[in-house]
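1. Sharing a sequence plus its predicted fold:
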Amino acid sequence: MHEALYPKTLSDVAVDLQTDPFEILKLLVLGEVMPSSLYLTDAHIERVTELGGFESLLDRDSIEFQDGFRVQDWVIKMISVMVERELFDSNATRSDNLWRNLEKQEAIQVESTVEQLVNEGLLKQTQSPYGEVLSLVADKKDTLEALVSGAFVPESLAYLWRS
Amino acid sequence: MSTKPQWSVGDAIEQALVEGREALTRRGAALDRIGEELGHLNRAQENLMAQIRVLSSRREEIVGQGSGIVVVVQHRSHEVLYEALAVQREGLGTRIEQIREQRALREQQVLQTLRDGEFTDRLVEYEQFKNDIEPNLANLPASYRSVVLGHHQEVSEVLANHVKNTLSRPVEVKADRLNLDVVIAFDPVEENNCALIIVLPICGEVADDWRSRTEDMQSALAYRVIQGVLQLVKRRELSFSGPVVGSHRSFFVMEMDLGYSGSLDDLKVALTQQIDLTLHDAVELRASAIFGKVCEVDVDVLLPQEDADSTELATEIMAEREGAHA
């Protein structure tokens, strides 16, 4: 009952941010905010969140799924949010922000679909010192908007859209 | 006046023939002696050639054993290295138990101070919320819920400040010095690029099961070693990928690819000094009398060829991690 009052460990923060403690450690050291003890204050957590670019781009409750989670609905909504926030080319976001706060199986589905969109050349995935990041390909803005409006379906994902 | 014996032509020829026969006999005898000598020498030569062949063959055999002996020595070094790490891990396990007891005691004491001191009322409120209100929070009207949550937040903050200040201080353990080896190896991949491999005397579960484990001095050692590596990366602006962490022979292993300028020897010295310094400065390790020190070994001793090369190790670690996450 009293554990919530205890200081936060790297593992506690990693669980909260859906990453692993070694990633948190990397952010603390490279961001030069490593505490002397291995416990993190609220200020450390805030800084790590900012440095790592951890955020939820989409709230799961913002989509009303009729018969359970549908990956294509989530991905389309996600891309519309990314277009709205102009996350093109070098303006990227952490890859795991695209499936943050989803159930494990749902997250795996989204990750796999995102990978297909990268293969289709609609999304771009790169490595940053703070992890893997994703952005929309600016040259494909029209195609991406068509995908959001439903006027276009990537060939490799047609089977998924039909389901 | 002397007179020569009378020689007839026949006698003279007979005498010449006798002398000729004697010369032929001497020649035949000389040839026989030389032939015999040559026979001895030929046999001696054959013997020498046979000895040369035997010795050459033996020499090649011994030369061939050289690489085998190196492999045997590496294999033996590999085995004793992990045996030593196992002993150190056991020692650390005992130390962790001591720390856990002290830590539990401190947790009890801090809660007792909350009950007895100026925080008593707030602790009662906190516990009431946890026991009675929180389970039924969803049933409360939204506006009331918001007020209740706001108040609980305030109470929690006051209590947490006190608890965190006390519990984040390192646990002091009165015990003998515990020396641990941080075993590192460098595998030059290409020019100015190497794989750094580190094996620690702690369980591989620290890398894979961190969600279900309570952080302890095993986690602390792993974090501090990686901190040291990253501090050098930051200070020297080295290019890197990783770290990738996992389990090898049940021990915690970390691999990181490092790009560097200058010599590899310079990098080795700098990295060793930085990790040693970071471990020395780690408050929780010092308070528990745990002292880590870098020990560099040949990569073939840490990971013999038949086990895996560094690239394969990274793949192995990644596969294990993906398996653990799946």
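-> Good, I have the coordinates. Just so it is clear, the model here is predicted, and its values are computed rather than measured. Residues are numbered from 1 along each chain as shown, chains lettered A, B, ... in the order given.
2. biggest helix in chain A by residues?
-> Scanning chain A for the helix with the most residues, using DSSP state H, yields helix A:104-119.
3. Not counting sequence-adjacent ones, nearest residue to residue A:135?
-> residue A:92 (3.8 Å; Cβ to Cβ, 6 or more residues apart in numbering or on different chains). Every C-beta, even on glycine, is put in place using the N, C-alpha and C of the backbone.
4. I should have written residue B:85 there, sorry.
-> residue B:201 (4.3 Å).
5. Quick check, the one you found in contact with residue B:178.
-> No. Taking contacts as Cβ atoms under 8 Å, residue B:201 lies outside contact range of residue B:178: 10.1 Å.
6. list the residues that contact both of these two?
-> residue B:92 (Cβ atoms under 8 Å, 6 or more residues apart in numbering or on different chains).
7. the more surrounded of those two?
-> Applying other Cβ atoms under 10 Å in any protein chain shown to residue B:201 and residue B:178 shows that residue B:201 carries more neighbours, namely 24 against 18.
8. list the contacts for the more buried one?
-> B:85-86, B:88-89, B:92, B:180-181, B:221, B:251.
9. PyMOL command to pick out the buried ones of those residues?
-> Buried residues within the contacts of residue B:201, by 16 or more other Cβ atoms under 10 Å in any protein chain shown, are selected in PyMOL with:
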select buried, chain B and resi 85+88+89+92+180+181+221+251
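10. Tell me how far residue B:279 lies from residue B:226.
-> Residue B:279 sits at a distance of 11 Å from residue B:226 (criterion: Cβ to Cβ, to the nearest Å).
11. what sits in contact with each of the two?
-> Listed as contacting both residue B:279 and residue B:226 by Cβ under 8 Å, 6+ apart is no residue at all.
12. Briefly note if stretch B:220-235 comes near chain A.
-> Yes. Stretch B:220-235 lies within reach of chain A by Cβ under 8 Å from any Cβ of the partner chain, at B:220, B:223, B:226-227, B:230-231, B:233-234.
13. Quick check: which element contains the nearest residue to residue B:189 once chain neighbours are set aside?
-> With sequence-adjacent residues excluded and distances taken as Cβ to Cβ, 6+ apart, residue B:189 is closest to residue B:195, at 5.7 Å. In this assignment (DSSP states H and E), residue B:195 forms part of strand B:193-203.
14. Helix or strand next in line after that strand, which one?
-> Taking DSSP H and E, what comes next after strand B:193-203 is helix B:205-208.
15. In contact with the residue most central in space within chain A, which residues?
-> Against the mean C-alpha coordinate of chain A, by Cα atoms, centre = their mean, the closest residue is residue A:97 at 1.4 Å. Residues in contact with residue A:97 (Cβ under 8 Å, 6+ apart) are A:53-57.
16. Max pairwise distance over those: which two?
-> Farthest-apart pair in the contacts of residue A:97 is A:53 and A:56; separation 11.6 Å (Cβ to Cβ).
17. These two: which has the busier surroundings?
-> The neighbour comparison of residue A:53 against residue A:56 (other Cβ under 10 Å) goes to residue A:53, with 16 against 13.
18. Ignoring the adjacent residues along the chain, who's closest to that one?
-> residue A:94 (4.7 Å).
19. Let's see the pLDDT reported for that neighbour.
-> Residue A:94 is assigned 93 on the pLDDT scale.
20. doesn't residue A:126 make contact with it?
-> No. Judged on Cβ under 8 Å, residue A:94 makes no contact with residue A:126 at a distance of 11.4 Å.
21. what touches both of the two?
-> A:132-133.
22. If you count surrounding residues, which of these two has more?
-> Relative neighbour count places residue A:94 above the other of residue A:94 and residue A:126, with 20 against 12, counting by other Cβ under 10 Å.
23. who does that one bridge with?
-> residue A:133 (DSSP bridges).
24. So which bits of chain A are right by chain B?
-> Selection of chain A residues close to chain B by Cβ under 8 Å from any Cβ yields A:1-2, A:4-7, A:9-11, A:14-15, A:20-22, A:25-26, A:29-30, A:32, A:34, A:36-39, A:41, A:127.
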